[in-house]
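# Sharing a sequence plus its predicted fold:
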Amino acid sequence: MTELIFFINQVLISGAVLGSIYALGAIGITLIFGILRFAHFAHSELMTSGAFFAFLLAALFAAWGIHAPIPTGFVVLPIAMVISAVLALGIDKGFYAPLRKRGAKPVTLLIASIGVTLMMQGLTRLFFGAGTYSFFETETKVLYRFDMSALGSTRPLVITQPQVLMVLVTIIAVVALHFFLTRSRLGKAMRAMADNADLAQVSGINTALVVRVTWVIAGALACMAGTMLALDVTLKPDLAFNIILPIFAAAIVGGLGQAYGAIAGGFLIGFAETLAVFNWSTVLKPLNAVLPEWVHLPANLSLVPTEYKLTVAFVILVVTLLVRPTGIFKGASS
Amino acid sequence: MALIELTHVVGGYGGAPILNGVNIAIDQSDIGVIVGPNGAGKSTTLKAIFGLLKVTGGTIVFDGAEVTNSLPDKLVPRGLSFVPQEKNVFTSMSVEENLEMGAFTRKDAFGDTMEWVYDMFPVLKEKRNQKAGELSGGQRQMVAMGRALMSKPKLLMLDEPSAGLSPRYVIEIFETIVRVNKEGVGILMVEQNARQALAFASKGFVLASGQNRFTGTGPELIADPEVAKSFLGG
């Protein structure tokens, strides 16, 4: 039983948190691809800058003496999301919209987004240096420990308050997005434009408005994902840049342009990565009793060493592209 | 005063113009049919009206206002709708959602219009929750027309509505077009099945090399030996 609790602590909880972060990032990438047909590389910087906005706001709140029963990072999240949405709109207006107006190819926009990535990373370093920050310098991370001795476990079930909130916030965001896309006029117009942009225009749909809404949603969700990542680990200038590749993998595995696919892909890759680096030796320890004397379980029995965690996303990506090139939820193949 | 009037329209996709002075005038009671050989500028004429390519000369007046080079999001609320030839449904969306998208520019309730469309195409009501991509070619064409009718247009433009359909569906689509016209919607369409379409056209336009060659009622054009010889295959 101790082993099972260990498994839940190490895999289920971490996987759900990582999956939430990947899913929220991948939704933005997939929506932008669906509407504007280009891979938005600078999404990582929207996530990182979003986390820094939340961090600054949290510091401000702390200075004003505002305290809440939940981490300040979550209290300020809605404000930070609004700022990030405005930033995303500004980036589009400043860099991508002029290119689109000249009829630039998707690859040109992709390169432009790499440029935006470098620029924003530079700006972040200029203001915050290369160091790491923590949301929990002034407040403590609340741990929930559930005594599992009744089930015969010597280990407690441990989950941090931010982790609980992260999963909750992700569920709320995903449900809200679902209702937006299937019930609202604008959400349906977004799906229509992702399906067939020319016909959307011919139908009189205000495509410029749809583009703006897409950036608002993508920017806000990126801020949410970045802030969560910073709350779960630490905040640093290359926070999200390090995970942009698994996020892209999640969007592609789910089927580009498919919001639900991005969610599925995010959790798939999140859990796969967590499972791959999980040390099975602890869980398999009880087997030592039944195994013959001469067999010894090695101390480290993970599929992939932690440093190679990134490769997991790529293996899944390559397998998906070989078996089902359009992704789980039949997305755009281009 | 005609519902739509094109006066010596010149335009193209940049480079040499494809339209070299097209004149078209039809009323709301009309069924206008544009015929002509490949590359004559038939579809291009519809796209020019709908702001999908640059008009460099001439004027387009719709419902009393000049709309030359206006974009669809301005034209649709004015009462102009367009059914493209290909990729004319949102394949990943349900039939009903396709229709809703046609009403995107409307601020008022459009439940009545949807009933009107369902009355015209009962099969769509049956399949209202099915994805448009799963329907047959003829049914898709109905979804496409239904979508365009959802904005309650004064003029419906169709680009080769019968293309790729089986003969049975061609007749059905043409019958529907006549019925839509009887409900007070002007029609302007491009057709490959020239003889069949001109038979019920109140205005026919024969285009060649981006210019009007012959203009008359449909039956007149069919009866004209020169038109028949050059454009209707003898």
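That came through, no problem. Because the structure is a prediction, the values reported are computed rather than measured.

# and the stretch 201-334 of chain A, which residues reach chain B?
A:201-207 (CB under 8 Å from any CB of the partner chain). The C-beta positions use only the backbone N, C-alpha and C, and glycine is treated the same way.

# among those residues, which two are most distant?
With distances taken as CB to CB, the most widely separated pair in these is A:Val202 and A:Asn206, at 12.7 Å.

# Looking at these two, which is more packed in?
Taking neighbours as other CB atoms under 10 Å in any protein chain shown, A:Val202 and A:Asn206 compare with A:Val202 leading, 25 against 18.

# coming back round to it: so can I have CSV of the residues of the stretch 201-334 of chain A next to chain B showing secondary structure, distance to A:Pro78 and pLDDT?
Shown next, in CSV, are these (DSSP: H, G, I helix; E, B strand; the rest coil; distance: CB to CB, whole Å; pLDDT from 0 to 100):
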residue, secondary structure, distance to A:Pro78, pLDDT
A:Gln201, helix, 33, 95
A:Val202, helix, 37, 95
A:Ser203, coil, 33, 96
A:Gly204, coil, 33, 95
A:Ile205, coil, 29, 96
A:Asn206, coil, 26, 94
A:Thr207, helix, 28, 94
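
# Pick the one among those closest to B:Leu198.
Closest to B:Leu198, out of all of those and judged by CB to CB, is A:Val202, at 26.0 Å.

# so that closest one touches B:Pro84, yeah?
Yes - between A:Val202 and B:Pro84 there is a contact at 6.2 Å, judged by CB atoms under 8 Å.

# Could I get the phi/psi values of B:Gly14?
Per-residue torsions, B:Gly14: phi 80, psi 150 (degrees, to the nearest 10).

# by contact count, what packs against the longest helix anywhere in chain B?
If each helix of chain B is counted by residues according to DSSP state H, the longest one is helix B:167-182. Packing partners of helix B:167-182 (3 or more CB pairs under 8 Å, 6 or more residues apart in numbering or on different chains; DSSP states H and E): strand B:31-35, helix B:111-120, helix B:137-149, strand B:186-190, helix B:194-198.

# list the buried ones in it?
The neighbour-count check on helix B:167-182 (16 or more other CB atoms under 10 Å in any protein chain shown) flags B:169-170, B:172-174, B:176-177, B:180-181 as buried.

# Can you name the residues in contact with the host helix or strand of A:Ile244?
Element membership for A:Ile244, per DSSP states H and E: helix A:244-254. If you take CB atoms under 8 Å, 6 or more residues apart in numbering or on different chains as the criterion, helix A:244-254 is touched by A:22-23, A:25-26, A:29-30, A:33, A:39, A:41, A:43-44, A:240, A:260-266, A:268-270, A:273, A:310, A:312-314, A:316-317, A:320-321, A:327-329, A:331.

# Same check on stretch A:208-215?
Contact with stretch A:208-215 is made by A:31-32, A:35-36, A:85, A:88-89, A:91-92, A:186, A:189-190, A:193, A:200, as judged by CB under 8 Å, 6+ apart.

# could you redo the last one with a cut-off of 7 Å?
By CB atoms under 7 Å, 6 or more residues apart in numbering or on different chains, the residues outside stretch A:208-215 that reach it are A:31-32, A:35-36, A:88-89, A:92, A:186, A:189-190, A:193.
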